[in-house]
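Chemist: no sequence on this one, just coordinates:
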């Protein structure tokens with residue numbers, strides 16, 4: 001199984017349906033070992049499990065993962081399937097160099113798919129991108145990673161966006177492996193594209209809710225000049241947090257002649273914000289276009305779907321930046337940036353799955369017993 005994040009992002013992986021109910025180790029067996037058969041000493045899956053366990057324990061670099069492996073006791077290495085010297089009955093941990101070589105070369109799309117969650121029972125899936133700023137070096141730009149996350153905060157997968165292009169080229173490849181039937185896919189204004197709408201509605205049998213801003217001037221102007229005074233479906237949403245009070249007014253109109261594939265409704269969202277510190281007031285208006293008809297998407301549901309799009313920024317990208325200090329990571333070569341990000345996604349998913357709403361606190365709890373708790377969290381069975 002390999003789905004590379006290369007120029008077109010399209011070395012395909014088989015369907016993930018058969019992965020349901022499998023352990024992490026059973027999933028990782030499906031990945032091809034990138035090493036030449038000659039001279040291989042350490043089991044491939046064991047090295048990946050060691051790296052994942054170290055990241056859950058708080059490791060942020062290859063050196064830190066290698067240090068964790070070097071200090072791991074025999075029971076932990078046995079559980080992880082580390083290399084066994086039968087003559088001495090001793091398990092040997094891979095070196096930091098070995099761990100680095102595998103993380104740099106393992107198929108990034110396949111690793112992200114197999115360690116991610118399933119969209120089953122999700123109302124929505126959000127797609128959004130983030131640059132790993134620390135991976136920039138010389139004339140090589142920073143790795144830009146496009147990820148997909150459910151509205152309730154479970155990361156599905158991610159792909160690295162090829163250099164000299166943008167997220168648009170990888171949107172379909174990112175979502176292709178998943179069954180999205182009936183699920184609403186949300187995305188920011190960059191992905192408000194006719195091709196994306198057709199792909200979701202016709203190929204994936206899913207729905208879409210796209211933000212419309214001035215990067216699509218004709219469509220934006222068409223929505224801005226609709227007869228919003230006729231909108232009778234309105235929803236008010238008031239929240240307080242992040243140092244501000246915010247009131248959102250959501251107005252919805254049914255459309256029939258809009259020149260956008262499968263469009264059924266448009267929404268006008270006006271955000272009134274007041275800074276709790278300075279008292280400054282601002283107002284912003286954005287538009288949303290969706291194929292969901294009024295019977296399936298009330299203004300309240302549309303507001304909820306748009307909030308779910310912001311979840312990926314707050315619960316994934318922000319956490320990786322602040323808790324894992326990702327933007328200062330010096331991992332740069334090969335597939336290292338995206339695969340290290342995937343291991344962080346795995347740690348975040350498993351911590352949330354086990355009830356840790358504060359990821360930083362969850363990592364600290366793992367670090368108190370670094371050779372047992374991370375293994376339990378990842379579902380590594382005892383020897």
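Modeler: Here it is on my side, so go on. Computed from a predicted model, the values in this text were never measured in an experiment.

Chemist: what about residue 226, distance to residue 266?
Modeler: Note on residue 226: its distance to residue 266, by C-beta to C-beta, to the nearest Å, is 7 Å. C-betas here are computed from N, CA, C, even on glycine.

Chemist: Next, show the common contact partners of these two.
Modeler: Counting by C-beta atoms under 8 Å, 6 or more residues apart in numbering, the common neighbours of residue 226 and residue 266 are 253, 255.

Chemist: Just want to know which of these two has more residues nearby.
Modeler: Using other C-beta atoms under 10 Å, the more surrounded residue of residue 226 and residue 266 is residue 266, with 24 against 16.

Chemist: Do I have it right that that one meets residue 258?
Modeler: Yes - when contacts are counted by C-beta atoms under 8 Å, residue 266 is listed as touching residue 258 (7.0 Å).

Chemist: shared neighbours of these two, which are they?
Modeler: What both residue 266 and residue 258 touch, as defined by C-beta under 8 Å, 6+ apart, is the set residue 289.

Chemist: which stretches of this structure form strands?
Modeler: Per DSSP state E, the chain carries strands over the ranges 83-85, 90-92, 124-132, 143-150, 155-161, 184-187, 207-212, 233-241, 244-254, 265-275, 281-290.

Chemist: Now do the third one against strand 155-161, angle only.
Modeler: Read it as strand 124-132. For strand 124-132 against strand 155-161, the angle by axes from the mean of the first three to the mean of the last three C-alpha atoms, to 10 degrees is 40 degrees.

Chemist: What strands line up against strand 124-132, and which way round?
Modeler: In the sheet, strand 124-132 lines up against strand 143-150 (antiparallel), strand 184-187 (parallel) (DSSP bridges).

Chemist: Compile those strands into CSV and extend it with columns for mean neighbour count, distance to residue 339 and mean pLDDT.
Modeler: Shown next, in CSV, are those (neighbours: other C-beta atoms under 10 Å; distance: least, C-beta to C-beta, whole Å; pLDDT from 0 to 100):
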stretch, mean neighbour count, distance to residue 339, mean pLDDT
strand 143-150, 26, 10, 94
strand 184-187, 26, 24, 97
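
Chemist: Next, count neighbours for residue 227.
Modeler: Residue 227 has 7 neighbours, counted by other C-beta under 10 Å.

Chemist: Grab the nearest non-local neighbour of it.
Modeler: residue 253 (7.5 Å; C-beta to C-beta, 6 or more residues apart in numbering).
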